[in-house]
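Novice: Predicted model and sequence below, questions to follow.
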Amino acid sequence: MIEPMPLHAQARRYGLLPAQLAHRLDLFRDANIKDGDRILEIGCGQGDCTSALALFYPNSHITAVDPGPSDYGRPETLGQAHERIRGYDIGSRIEFVQATPIAHLKNVEDGTYDIAVICHSLWYFSDKEEVRATMEALRGKVKRLFIAEWALKSCSREGDVHVQIACTRATCEAHIPDSRENIRTLLSPGQIKQCVIDLGWSFQRELINSPSPLLEDARWELYMLLEKDVNEEYTFMKRVKDRIQEERIQVVLESMLESVKSSVESFGGIENVACMDVWVGMFEQGSA
């Protein structure tokens, strides 16, 4: 792994937030990724992790797959972000593919990739069955598997609020079948690990990463919950009432929102909310 320039300079040059780049460096530091590996990234989004992989592994080619439409995302859409990244010097080693992972894997030969990287993207999947089908489709196509996802626990009380936020948003989206939000399937590390092992992958090791307080993900998620419209109504609760008919679920979600607000107030405001821990699991191709 090569770091050709200071982290802040890398982030500035490639349009990345320093805390996001540093977080991914921390995750990859102990990963089973080798420079020169043929890397398949599942759920690349706007390409923050993709760019980090290209920077940290300068002899690797990255195929970054995401089913999202090119106009998805804000303030920068997927299409805009991918086009920007292609224009960098690292762009020649990156291939963006707009497809579901399963559809893409059907068109590649066995052994095409050395490793699949799934970094903070499993919660975007529509349900556990889609996760399971993707893990099954990966078998034979890749030799190793690296997964990093939020751990649903925190070593700090400030990070516990992030767990509350995630559970609140996930509970809402679980009652909206056609949801396209970023937390749809709230899998725990234990559920992820067991799902992968059940499909014949050989478990290698796992670790817990405690992110820097500078990492903004928890605060971004919180802003989504506390955003208000012109009538000073929480847009989250407006979505709940518009999309979920059962009053009991509406009441539960409003109570969960109130609980989050109380927790934030107890820590002195949004700026003091931190990210929860991250679970990392590493697997190798096994026999079913």
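Specialist: Noted; the coordinates are in hand.

Novice: all helices for the protein, in order.
Specialist: Ranges of helices in the chain, per DSSP state H, are 7-13, 18-29, 48-56, 78-86, 101-106, 128-138, 157-174, 189-198, 217-226, 235-243, 247-266.

Novice: Single out the most deeply packed of those helices.
Specialist: helix 48-56 (a mean of 25; mean count of other CB atoms under 10 Å). C-betas here are computed from N, CA, C, even on glycine.

Novice: so can I have JSON lines of the helices of the chain showing distance to residue 67 and mean pLDDT?
Specialist: Formatted as JSON lines, those follow (distance: least, CB to CB, whole Å; pLDDT from 0 to 100):
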{"stretch": "helix 7-13", "distance to residue 67": "27", "mean pLDDT": "89"}
{"stretch": "helix 18-29", "distance to residue 67": "22", "mean pLDDT": "94"}
{"stretch": "helix 48-56", "distance to residue 67": "15", "mean pLDDT": "95"}
{"stretch": "helix 78-86", "distance to residue 67": "10", "mean pLDDT": "95"}
{"stretch": "helix 101-106", "distance to residue 67": "8", "mean pLDDT": "97"}
{"stretch": "helix 128-138", "distance to residue 67": "10", "mean pLDDT": "96"}
{"stretch": "helix 157-174", "distance to residue 67": "17", "mean pLDDT": "96"}
{"stretch": "helix 189-198", "distance to residue 67": "20", "mean pLDDT": "97"}
{"stretch": "helix 217-226", "distance to residue 67": "21", "mean pLDDT": "95"}
{"stretch": "helix 235-243", "distance to residue 67": "22", "mean pLDDT": "96"}
{"stretch": "helix 247-266", "distance to residue 67": "27", "mean pLDDT": "97"}
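
Novice: Residue 283: which of those is closest?
Specialist: helix 189-198 (5.5 Å; CB to CB).

Novice: Make TSV out of the helices of the chain and add distance to residue 209.
Specialist: TSV is the format used below for these (distance: least, CB to CB, whole Å):
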stretch	distance to residue 209
helix 7-13	17
helix 18-29	6
helix 48-56	14
helix 78-86	25
helix 101-106	24
helix 128-138	21
helix 157-174	12
helix 189-198	12
helix 217-226	13
helix 235-243	28
helix 247-266	23
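
Novice: of all the ones you listed, which lies closest to residue 210?
Specialist: With CB to CB as the criterion, residue 210 lies closest to helix 157-174 of the helices of the chain, at 8.0 Å.

Novice: mind exporting that closest one as PDB, just the C-alpha atoms?
Specialist: The C-alpha atoms that make up helix 157-174 are tabulated as PDB, following Å, rounded to 0.1, in the frame of the first residue of the first chain:
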ATOM      1  CA  ARG A 157     -22.300   7.000  24.700                       C
ATOM      2  CA  GLU A 158     -22.200   9.700  22.000                       C
ATOM      3  CA  GLY A 159     -22.000   6.900  19.400                       C
ATOM      4  CA  ASP A 160     -25.000   5.100  20.900                       C
ATOM      5  CA  VAL A 161     -27.100   7.900  19.500                       C
ATOM      6  CA  HIS A 162     -26.000   6.800  16.000                       C
ATOM      7  CA  VAL A 163     -27.400   3.300  16.800                       C
ATOM      8  CA  GLN A 164     -30.700   5.000  17.800                       C
ATOM      9  CA  ILE A 165     -30.800   7.000  14.600                       C
ATOM     10  CA  ALA A 166     -30.100   3.900  12.400                       C
ATOM     11  CA  CYS A 167     -32.800   1.800  14.200                       C
ATOM     12  CA  THR A 168     -35.400   4.600  13.800                       C
ATOM     13  CA  ARG A 169     -34.800   5.100  10.100                       C
ATOM     14  CA  ALA A 170     -34.600   1.300   9.400                       C
ATOM     15  CA  THR A 171     -37.900   0.700  11.300                       C
ATOM     16  CA  CYS A 172     -39.600   3.300   9.000                       C
ATOM     17  CA  GLU A 173     -38.200   1.900   5.800                       C
ATOM     18  CA  ALA A 174     -39.000  -1.700   6.800                       C
END
